[in-house]
Each structure stands twice: as C-alpha cells, then as structure tokens.
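>>> Model the structure of this input:
(one chain, ligands or ions: 1)
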Amino acid sequence: MAAQAVLRSSAPARLLSGSFYIRKGVLASWQHYQSRRPFSNEKVLVELDESTVMKMKNPPVNSLSLDVLTEFSISLEKLEIDRGCRGVILTSAFPKIFSAGLDITEMCGKSAEHYAAFWRAVQEMWLKLYGSNMVTIAAINGSSPAGGCLMAMCCDYRIMADNPKFAIGLNETQLGIVAPFWFKETMVNTVGNRVTEQSLQLGQMYPAPDALKIGLVDKLVTEEKVQSTAVAAMSQWLAVPDHARQITKSIMRKPTIDNLVKHREADINNFVSFITKDSIQKSLQVYMDRLKQKK
Ligand SMILES: CCCCCCCCCC/C=C\CC(=O)SCCNC(=O)CCNC(=O)[C@H](O)C(C)(C)COP(=O)(O)OP(=O)(O)OC[C@H]1O[C@@H](n2cnc3c(N)ncnc32)[C@H](O)[C@@H]1OP(=O)(O)O
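Below is the predicted model:
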C-alpha cells in the first residue's frame, strides 16, 4: 500500500512547485532526527557518507523489476524530502554492471494489470529521477543498456568506467520493442536529435569511449575512480546556489516532464496493448532465450 501511495504521487511537484519547500520546512525537525541514517532496503541501498549514494543491488545484473523500481522511487522520495540531502550519486553495487535495464521477465507472460502496474512504476521512477530537485550524478561502473541508460540520462552528470567492454545505449529495437516518446525525449535532451534518431533506430549500444564522443556520458575514469570522481563532481555542483540551479534545471526539463504527465494514462495503455501482442511476446522470448544461450 505504501508503495502504491508513493507511486501515485508525481515528481514534477518536487521540481516545479514552491510547495515542496513548505513541505521541507514542516518536515525539517523530523528529518533532522531521522535523516542521516542509511536506509536498509533490500535492493536499493542508500549510504550516507561523504556523499549520499544510492546503490542498486539486484543480482545478478540489476534488472529493474517492479520491486526494484518501487523501492527506488520510495528511496528517492525520502531523500528528496530530507533537508540534509542536496545531491545523490547513483551507482551499482556490482562491478561491471550498472543496470541491465528493465526486467524483461516483467514484460513476458503476465497479465494486462501487471503490465500496467509495471509501466506506471517505470514512469514514476523516471518522473522522480528526471524531476529531482537534488543534484544527481550517475557513477556508471559497468554496462548500462536500455532502462539502465535511461536512468543514467536522467542524472545531471554522468561518469563512466573507461572500459570499451562496458556499453551504454537505448537498444530497444534490438529486442523488437520501441523506446517510448519520453525515453526518446530524454535522449534528445542529452545528445541531440540527429544522434538520437540514428541510435534509436539502430538500437545502438556505445562502448564507453564512443559514449563520451557523442556526449552520452560526460567523463571517463578508471573503474576504481568512478565513485571518488563522482564525489568530487558532486562538491562542484553543490557549490552552486540551490535555488538558481534548481530553477534552471526546471526550465530545461519541465516541457519534457509535462509531456509525460499529460499523456501518462495513454502511455500506459499504449504500453499494455503493445506488450500483449503475440509478435512482441515472441520477440522478447527469443531475446531472453538468446541471452541464456550465450553462456
Ligand atoms: C507504439 C509505441 C509503444 C511503446 C511501447 C513501449 C515498449 C516497451 C519499451 C521498453 C523500454 C525499455 C526496455 C528495457 O529496458 S528492456 C531491457 C533491455 N536490456 C538488455 O537488452 C540487456 C540484456 N542483458 C545483457 O546484455 C547482459 O545480460 C548484460 C547486462 C550486459 C550482462 O552480461 P553478463 O554476461 O554479465 O550477464 P548475463 O549472463 O548476460 O546475464 C545474467 C542473467 O541475467 C539475465 N538478464 C540479463 N538482462 C536481463 C534483463 N534485462 N531482464 C531480465 N533478466 C536479465 C540473463 O538472462 C541471465 O539469466 P540466467 O542466469 O541465464 O538465468
């Protein structure tokens, strides 16, 4: 129930309205009492050390299941209302994988109701992360296809491990599925229209050095330095006055966020009718079988 309540709230309220600050004020004393403790979630760890770090920990590959997405949105919401938290680093608890993207098993052989709940949770994660008032930095310590790439693109700054074996991109067409309009818009806002058009049609995955070249990530460092570099970048971003940075972020992202908010229910219906098609189910199944056979 708690998860559902959070999933129904909407992120733009955080980024776009002044009421957020009132809420922060009211909750301040409770927050000071509560906030500086790490959260002990199952699949999304929140560490409150030098910087606040959210670590995805869903073995083996951090696929984004309904549970992970729900936990992620709840954790981010908690940080959002925590006065002591102005920025968050998003990373993976596992070396070599940032996130394998949406959990394909959530999109295969389930009921229409399940698909609708799953898609709402994907939307909610995006609304909360893309619409966050906090500084968000992705410390991409491994491969990051599809939904993993989306999460990284939602952040304000992306640091990736400098290893050509790690790749990032929106590869949906390779699975026989289509990146929805708000995935596309997030990518356009990150790398521009031409690169997005080509990348999305080809379902292109970019090895880290190529991702840097097209601006899909902002910086490459050795694997060991990904997190410390993120911490250093965080101090730089936090040196800017919050109100000015937040309003600027809002000006940049509001049209994209508003577009999904406006079409949210239609987008869920589109997803359900698309994913329940026999041909799409077959494509996903073939892709999963291929993944399993590659060993
Ligand atoms: C008209 C328009 C309407 C719009 C409709 C919208 C349509 C839907 C849009 C959906 C949008 C986004 C989609 C996604 O995010 S789909 C997910 C895409 N992800 C991938 O393609 C990644 C696939 N995985 C990999 O490439 C590799 O696993 C890896 C991440 C590079 C890791 O490689 P590895 O060698 O370390 O591990 P591997 O042996 O491959 O995998 C280990 C086990 O994990 C399973 N697995 C991998 N990825 C996923 C996944 N995404 N979901 C579920 N399970 C996954 C894999 O099968 C192995 O399982 P097992 O150990 O064999 O049982």
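>>> Which strand or helix spans the residue nearest to Pro209 when sequence neighbours are not counted?
Excluding its sequence neighbours, the residue lying closest to Pro209 (Cβ to Cβ, 6 or more residues apart in numbering) is Pro164, at 5.9 Å. C-beta coordinates here come from the backbone N, C-alpha and C atoms, glycine included. Secondary structure assignment for Pro164, by DSSP states H and E: no helix or strand.
>>> any idea of the pLDDT on Pro164?
In this prediction, Pro164 carries a pLDDT score of 98.
>>> what's it in contact with, if anything?
Contacts were defined as Cβ atoms under 8 Å, 6 or more residues apart in numbering; by that measure Pro164 touches Pro207, Ala208, Pro209.
>>> Also Ala112?
Neighbouring residues of Ala112 by Cβ under 8 Å, 6+ apart: Val272, Thr276.
>>> got the residue ranges for the strands in the stretch 1-150 of the chain?
Using DSSP state E, counting those that start in this stretch, the strands of the stretch 1-150 of the chain run over residues 44-48, 52-56, 87-92, 96-97, 135-140, 142-145.
>>> For those, give me TSV that also has mean pLDDT and mean neighbour count.
Compiled in TSV, those are given as follows (pLDDT from 0 to 100; neighbours: other Cβ atoms under 10 Å):
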stretch	mean pLDDT	mean neighbour count
strand 44-48	94	19
strand 52-56	97	22
strand 87-92	98	24
strand 96-97	97	18
strand 135-140	98	28
strand 142-145	98	28
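>>> re the thing from before, please indicate which of the contacts of Pro164 are buried?
Pro207, Ala208 (16 or more other Cβ atoms under 10 Å).
>>> Which of the contacts of Pro164 fall in helices?
Among the contacts of Pro164, the ones falling in helices (DSSP state H) are Ala208, Pro209.
>>> Out of the contacts of Pro164, flag the one nearest to the ligand.
Of all these, Pro207 has the smallest distance to the ligand: 12.0 Å, by Cβ to the nearest ligand atom.
>>> any idea how far Lys128 is from that closest one?
From Pro207 across to Lys128, the span is 29 Å (Cβ to Cβ, to the nearest Å).
>>> Equivalent analysis for Glu50, please.
Distance of Glu50 to Lys128, given as Cβ to Cβ: 24 Å.
>>> Between those two, which is the more surrounded one?
Taking neighbours as other Cβ atoms under 10 Å, Glu50 and Lys128 compare with Lys128 leading, 26 against 12.
>>> can I assume the more buried one is in contact with Glu71?
No. If you go by Cβ atoms under 8 Å, Lys128 and Glu71 don't touch, sitting 12.0 Å apart.
>>> How about the residues of the protein by the ligand?
Neighbours of the ligand within the chain, by Cβ under 6 Å from any ligand atom: 60-61, 63, 97, 100-105, 143, 145-147, 171-172, 175, 177-180, 270-271, 274, 291-292.
>>> so where's the chain shaky on pLDDT?
1-40, 295 (pLDDT under 70).
>>> now for the longest helix seen in it, which elements pack on it?
In the chain, assigned by DSSP H, the helix with the most residues is helix 242-262. Applying 3 or more Cβ pairs under 8 Å, 6 or more residues apart in numbering; DSSP states H and E, one finds that helix 242-262 contacts helix 12-16, helix 112-130, helix 181-191.
>>> Report the contact partners of the closest residue to Glu47 other than its chain neighbours.
Leaving aside its chain neighbours, Glu47 sits nearest to Val53 (4.6 Å; criterion: Cβ to Cβ, 6+ apart). For Val53, the contacting residues are Val46, Glu47, Val88, Ile89, Leu90, Thr91, Ala139, Gln227, by Cβ under 8 Å, 6+ apart.
>>> Let me have the residues you listed in JSON lines, extended by distance to Leu216.
Shown next, in JSON lines, are the contacts of Val53 (distance: Cβ to Cβ, whole Å):
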{"residue": "Val46", "distance to Leu216": "26"}
{"residue": "Glu47", "distance to Leu216": "26"}
{"residue": "Val88", "distance to Leu216": "20"}
{"residue": "Ile89", "distance to Leu216": "18"}
{"residue": "Leu90", "distance to Leu216": "16"}
{"residue": "Thr91", "distance to Leu216": "17"}
{"residue": "Ala139", "distance to Leu216": "15"}
{"residue": "Gln227", "distance to Leu216": "20"}
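>>> if we can go back for a sec, any idea which of the helices and strands packed on helix 242-262 gets closest to Val261?
helix 12-16 (5.9 Å; Cβ to Cβ).
>>> what's the distance between the residue nearest to Glu47 and Met234?
Between Val53 and Met234 the computed distance is 10 Å (Cβ to Cβ).
>>> Quickly list what's touching both of these two.
Common neighbours of Val53 and Met234, counting by Cβ under 8 Å, 6+ apart, are Ile89.
>>> Good, wrapping up.
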